[in-house]
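K.L.:
sharing a model prediction with you, sequence too.
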Amino acid sequence: REKAAFVCGYLTHVALDSTLHPYVYHVSGNYYAESPVERREAMSRHRLIEGWLDLHLLRQIAQEPATCGYLGDIRRSGSVNRELLRFFLRACEKSMPMKPSAWKELLRGYRVQMALNALFGNSSAEKLVRRMDRMAGGRLMTFHALFYPPKHQEIPSEITHFSSFRHPVTGEEKTGGFEHLWRESVERSRKFLAAADGFLFAGEDEDRLRSVIQAYSLSNGLVGVAAREAVHYDCIPLHRLRFSDAEG
(Lines give C-alpha, C1' and ligand atoms only; values in the text may rest on other atoms or scores of the structure.)
Protein backbone atom coordinates (compact mmCIF):
# COMPACT_ATOMS: atom_id res chain seq x y z
CA ARG A 1 0.00 0.00 0.00
CA GLU A 2 2.76 2.44 0.97
CA LYS A 3 4.71 1.77 -2.24
CA ALA A 4 1.62 2.31 -4.38
CA ALA A 5 0.89 5.56 -2.53
CA PHE A 6 4.50 6.69 -3.02
CA VAL A 7 4.37 5.94 -6.75
CA CYS A 8 1.11 7.86 -7.09
CA GLY A 9 2.54 10.80 -5.15
CA TYR A 10 5.64 10.80 -7.31
CA LEU A 11 3.54 10.74 -10.48
CA THR A 12 1.51 13.76 -9.35
CA HIS A 13 4.83 15.53 -8.68
CA VAL A 14 5.91 14.76 -12.27
CA ALA A 15 2.55 15.93 -13.61
CA LEU A 16 2.67 19.23 -11.74
CA ASP A 17 6.32 20.01 -12.50
CA SER A 18 6.06 19.14 -16.19
CA THR A 19 3.02 21.43 -16.51
CA LEU A 20 3.94 24.36 -14.25
CA HIS A 21 7.72 24.51 -14.65
CA PRO A 22 7.75 25.90 -18.20
CA TYR A 23 6.11 29.04 -16.78
CA VAL A 24 8.29 29.09 -13.67
CA TYR A 25 11.51 28.79 -15.69
CA HIS A 26 10.34 31.45 -18.17
CA VAL A 27 9.94 34.04 -15.41
CA SER A 28 12.90 32.83 -13.27
CA GLY A 29 15.81 33.09 -15.71
CA ASN A 30 18.71 31.05 -16.99
CA TYR A 31 20.08 28.42 -14.61
CA TYR A 32 22.97 27.87 -17.04
CA ALA A 33 24.06 31.47 -17.57
CA GLU A 34 27.80 32.18 -17.65
CA SER A 35 27.44 34.78 -14.91
CA PRO A 36 27.37 33.29 -11.38
CA VAL A 37 25.21 36.20 -10.24
CA GLU A 38 22.68 35.54 -13.00
CA ARG A 39 22.56 31.85 -12.10
CA ARG A 40 22.10 32.66 -8.41
CA GLU A 41 19.30 35.11 -9.13
CA ALA A 42 17.55 32.64 -11.45
CA MET A 43 17.64 29.95 -8.76
CA SER A 44 16.40 32.41 -6.15
CA ARG A 45 13.51 33.54 -8.35
CA HIS A 46 12.53 29.94 -8.99
CA ARG A 47 12.45 29.07 -5.29
CA LEU A 48 10.65 32.26 -4.31
CA ILE A 49 8.01 31.82 -7.01
CA GLU A 50 7.31 28.25 -5.90
CA GLY A 51 7.04 29.36 -2.28
CA TRP A 52 4.52 32.03 -3.24
CA LEU A 53 2.57 29.51 -5.34
CA ASP A 54 2.47 27.12 -2.37
CA LEU A 55 1.09 29.96 -0.27
CA HIS A 56 -1.50 30.82 -2.94
CA LEU A 57 -2.73 27.23 -3.14
CA LEU A 58 -2.78 26.75 0.62
CA ARG A 59 -4.77 29.95 1.12
CA GLN A 60 -7.39 28.63 -1.28
CA ILE A 61 -8.12 25.91 1.30
CA ALA A 62 -7.74 28.30 4.28
CA GLN A 63 -4.30 26.98 5.28
CA GLU A 64 -0.87 28.52 5.94
CA PRO A 65 2.56 26.84 5.52
CA ALA A 66 3.44 27.11 9.20
CA THR A 67 0.25 25.45 10.43
CA CYS A 68 -0.94 23.08 7.68
CA GLY A 69 0.71 20.05 9.33
CA TYR A 70 1.52 18.13 6.14
CA LEU A 71 5.27 18.07 6.71
CA GLY A 72 4.80 16.91 10.28
CA ASP A 73 2.70 13.99 9.07
CA ILE A 74 5.47 13.00 6.65
CA ARG A 75 8.22 13.37 9.25
CA ARG A 76 6.45 11.08 11.73
CA SER A 77 6.59 8.17 9.26
CA GLY A 78 10.37 7.80 9.44
CA SER A 79 10.64 4.03 9.07
CA VAL A 80 8.20 3.97 6.15
CA ASN A 81 10.03 6.89 4.54
CA ARG A 82 13.35 5.03 4.69
CA GLU A 83 11.78 1.92 3.21
CA LEU A 84 10.39 4.00 0.35
CA LEU A 85 13.76 5.68 -0.19
CA ARG A 86 15.30 2.24 -0.63
CA PHE A 87 12.48 1.32 -3.03
CA PHE A 88 13.11 4.51 -5.03
CA LEU A 89 16.86 3.88 -5.17
CA ARG A 90 16.34 0.34 -6.47
CA ALA A 91 14.09 1.70 -9.21
CA CYS A 92 16.72 4.28 -10.16
CA GLU A 93 19.42 1.59 -10.29
CA LYS A 94 17.53 -0.07 -13.14
CA SER A 95 17.85 3.00 -15.35
CA MET A 96 21.17 4.63 -14.45
CA PRO A 97 24.55 3.73 -12.93
CA MET A 98 24.72 4.41 -9.19
CA LYS A 99 27.73 4.81 -6.93
CA PRO A 100 28.25 2.23 -4.15
CA SER A 101 27.74 5.07 -1.66
CA ALA A 102 24.40 6.11 -3.19
CA TRP A 103 22.27 4.76 -0.33
CA LYS A 104 24.29 6.52 2.37
CA GLU A 105 24.20 9.78 0.43
CA LEU A 106 20.47 9.50 -0.20
CA LEU A 107 19.78 8.77 3.46
CA ARG A 108 21.96 11.69 4.57
CA GLY A 109 20.17 13.97 2.12
CA TYR A 110 16.81 12.81 3.46
CA ARG A 111 17.81 13.59 7.05
CA VAL A 112 19.10 17.03 6.10
CA GLN A 113 15.92 17.74 4.15
CA MET A 114 13.68 16.72 7.06
CA ALA A 115 15.61 19.05 9.36
CA LEU A 116 15.47 21.94 6.91
CA ASN A 117 11.77 21.45 6.20
CA ALA A 118 11.08 22.06 9.87
CA LEU A 119 13.04 25.31 9.58
CA PHE A 120 11.57 26.76 6.40
CA GLY A 121 8.17 27.50 7.92
CA ASN A 122 9.66 29.13 11.04
CA SER A 123 9.14 32.90 10.89
CA SER A 124 11.88 33.68 13.44
CA ALA A 125 14.42 31.65 11.47
CA GLU A 126 13.32 33.35 8.26
CA LYS A 127 13.87 36.81 9.73
CA LEU A 128 17.31 35.82 11.03
CA VAL A 129 18.42 34.42 7.66
CA ARG A 130 16.99 37.49 5.91
CA ARG A 131 19.16 39.75 8.07
CA MET A 132 22.21 37.53 7.57
CA ASP A 133 21.68 37.60 3.80
CA ARG A 134 21.49 41.38 3.86
CA MET A 135 24.71 41.59 5.88
CA ALA A 136 26.39 39.17 3.45
CA GLY A 137 25.45 41.25 0.43
CA GLY A 138 22.97 38.72 -0.95
CA ARG A 139 25.28 35.71 -0.86
CA LEU A 140 22.68 33.75 1.17
CA MET A 141 19.92 34.65 -1.27
CA THR A 142 19.38 31.15 -2.66
CA PHE A 143 19.14 29.67 0.85
CA HIS A 144 16.81 32.38 2.10
CA ALA A 145 14.59 31.82 -0.96
CA LEU A 146 13.77 28.33 0.38
CA PHE A 147 11.82 29.80 3.30
CA TYR A 148 8.08 30.22 3.07
CA PRO A 149 6.78 33.79 2.89
CA PRO A 150 5.98 35.35 6.27
CA LYS A 151 2.35 35.27 7.35
CA HIS A 152 0.00 37.95 5.99
CA GLN A 153 2.32 39.08 3.19
CA GLU A 154 0.65 39.85 -0.11
CA ILE A 155 1.43 37.48 -2.97
CA PRO A 156 3.06 39.36 -5.89
CA SER A 157 0.37 39.73 -8.55
CA GLU A 158 2.73 38.81 -11.42
CA ILE A 159 2.90 35.22 -10.18
CA THR A 160 -0.77 34.31 -10.32
CA HIS A 161 -2.27 36.99 -12.58
CA PHE A 162 -0.87 36.76 -16.11
CA SER A 163 -2.63 36.20 -19.40
CA SER A 164 0.12 34.33 -21.23
CA PHE A 165 3.81 33.38 -21.28
CA ARG A 166 6.30 32.04 -23.81
CA HIS A 167 7.51 28.48 -23.52
CA PRO A 168 11.19 28.76 -22.48
CA VAL A 169 12.38 26.29 -25.15
CA THR A 170 10.00 26.61 -28.10
CA GLY A 171 8.97 30.24 -27.68
CA GLU A 172 5.33 29.24 -28.24
CA GLU A 173 2.88 31.58 -26.54
CA LYS A 174 0.86 29.80 -23.87
CA THR A 175 -2.39 31.49 -22.90
CA GLY A 176 -4.72 31.06 -19.97
CA GLY A 177 -2.79 32.16 -16.89
CA PHE A 178 -1.94 30.30 -13.70
CA GLU A 179 -5.39 28.87 -12.97
CA HIS A 180 -5.45 27.35 -16.46
CA LEU A 181 -2.01 25.80 -15.86
CA TRP A 182 -3.18 24.46 -12.53
CA ARG A 183 -6.22 22.81 -14.11
CA GLU A 184 -3.95 21.27 -16.77
CA SER A 185 -1.62 19.90 -14.11
CA VAL A 186 -4.52 18.40 -12.15
CA GLU A 187 -5.87 16.80 -15.32
CA ARG A 188 -2.45 15.33 -16.16
CA SER A 189 -2.27 14.00 -12.59
CA ARG A 190 -5.63 12.28 -13.04
CA LYS A 191 -4.47 10.64 -16.28
CA PHE A 192 -1.23 9.47 -14.67
CA LEU A 193 -3.05 8.03 -11.66
CA ALA A 194 -5.61 6.27 -13.85
CA ALA A 195 -2.80 4.71 -15.90
CA ALA A 196 -0.96 3.62 -12.75
CA ASP A 197 -4.13 2.15 -11.28
CA GLY A 198 -4.77 0.22 -14.48
CA PHE A 199 -1.24 -1.17 -14.54
CA LEU A 200 -0.94 -1.98 -10.82
CA PHE A 201 -4.43 -3.26 -10.07
CA ALA A 202 -6.34 -3.96 -13.29
CA GLY A 203 -3.82 -5.94 -15.30
CA GLU A 204 -3.29 -3.39 -18.08
CA ASP A 205 -0.06 -3.83 -20.04
CA GLU A 206 3.09 -1.72 -19.86
CA ASP A 207 2.56 -0.23 -23.32
CA ARG A 208 -0.63 1.45 -22.14
CA LEU A 209 1.21 2.81 -19.10
CA ARG A 210 4.08 4.19 -21.20
CA SER A 211 1.72 5.80 -23.69
CA VAL A 212 0.31 7.98 -20.91
CA ILE A 213 3.29 8.45 -18.58
CA GLN A 214 5.95 9.65 -20.98
CA ALA A 215 9.48 10.91 -20.29
CA TYR A 216 8.44 14.51 -19.73
CA SER A 217 11.17 16.91 -18.68
CA LEU A 218 10.36 18.24 -15.22
CA SER A 219 11.93 21.55 -16.30
CA ASN A 220 10.30 22.29 -19.64
CA GLY A 221 7.53 19.70 -19.98
CA LEU A 222 8.85 18.38 -23.30
CA VAL A 223 9.84 14.78 -23.99
CA GLY A 224 13.57 14.22 -24.39
CA VAL A 225 14.59 17.90 -24.28
CA ALA A 226 17.21 19.06 -21.76
CA ALA A 227 16.62 22.00 -19.41
CA ARG A 228 19.62 23.90 -20.80
CA GLU A 229 17.83 24.21 -24.18
CA ALA A 230 15.70 27.03 -22.73
CA VAL A 231 16.35 30.46 -24.27
CA HIS A 232 13.12 32.46 -23.83
CA TYR A 233 12.98 34.36 -20.54
CA ASP A 234 11.01 37.30 -19.17
CA CYS A 235 12.11 37.46 -15.54
CA ILE A 236 9.97 38.86 -12.76
CA PRO A 237 12.10 41.53 -11.00
CA LEU A 238 13.73 39.96 -7.97
CA HIS A 239 12.68 42.79 -5.67
CA ARG A 240 9.03 41.98 -6.43
CA LEU A 241 9.50 38.42 -5.17
CA ARG A 242 11.57 38.93 -2.06
CA PHE A 243 9.87 39.26 1.33
CA SER A 244 9.15 42.73 2.65
CA ASP A 245 10.28 43.97 6.05
CA ALA A 246 6.74 44.80 7.09
CA GLU A 247 6.85 42.13 9.81
CA GLY A 248 10.39 42.71 10.99
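P.N.:
Sure thing, it's come through.
K.L.:
who's in contact with the worst-scoring helix or strand of the chain on mean pLDDT?
P.N.:
Counting by mean pLDDT, DSSP states H and E, the weakest-scoring helix or strand in the chain turns out to be helix 70-75, with a mean of 79. Helix 70-75 is contacted from outside by Asn81, Met114, Asn117, Ala118, Gly121, using CB atoms under 8 Å, 6 or more residues apart in numbering. For the C-beta atoms, the positions are set from N, CA and C on the backbone; glycine is no exception.
K.L.:
got any ranges where this structure has weak pLDDT?
P.N.:
Low-confidence segments of the chain, defined by pLDDT under 70: 246-248.
K.L.:
where is the longest helix in it?
P.N.:
Counting residues, the longest helix found in the chain (DSSP state H) is helix 2-28.
K.L.:
what's the closest of the contacts of helix 70-75 to Phe192?
P.N.:
Asn81 (22.0 Å; CB to CB).
K.L.:
buried residues of stretch 28-36, list them for me.
P.N.:
Neighbour counts over stretch 28-36 (16 or more other CB atoms under 10 Å) mark Ser28, Gly29, Asn30, Tyr31 as buried.
K.L.:
do the same with stretch 214-223
P.N.:
For stretch 214-223, burial by neighbour count (16+ other CB under 10 Å) applies to Tyr216, Ser217, Ser219, Asn220, Gly221, Leu222.
K.L.:
any chance of the residues you listed in a markdown table, plus distance to Asp197?
P.N.:
Below are the buried residues of stretch 214-223 laid out as a markdown table (distance: CB to CB, whole Å):
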| residue | distance to Asp197 |
| --- | --- |
| Tyr216 | 19 |
| Ser217 | 25 |
| Ser219 | 27 |
| Asn220 | 28 |
| Gly221 | 23 |
| Leu222 | 26 |
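K.L.:
quick revisit: for the following helix or strand past the longest helix of the chain, name the packing helices and strands.
P.N.:
Sequence-wise, the next helix or strand downstream of helix 2-28 (DSSP states H and E) is helix 36-60. Helices and strands touching helix 36-60, by 3 or more CB pairs under 8 Å, 6 or more residues apart in numbering; DSSP states H and E, are helix 2-28, helix 141-144, helix 157-160, helix 177-201, helix 238-241.
K.L.:
before I go, just wanted to say thanks for your time.
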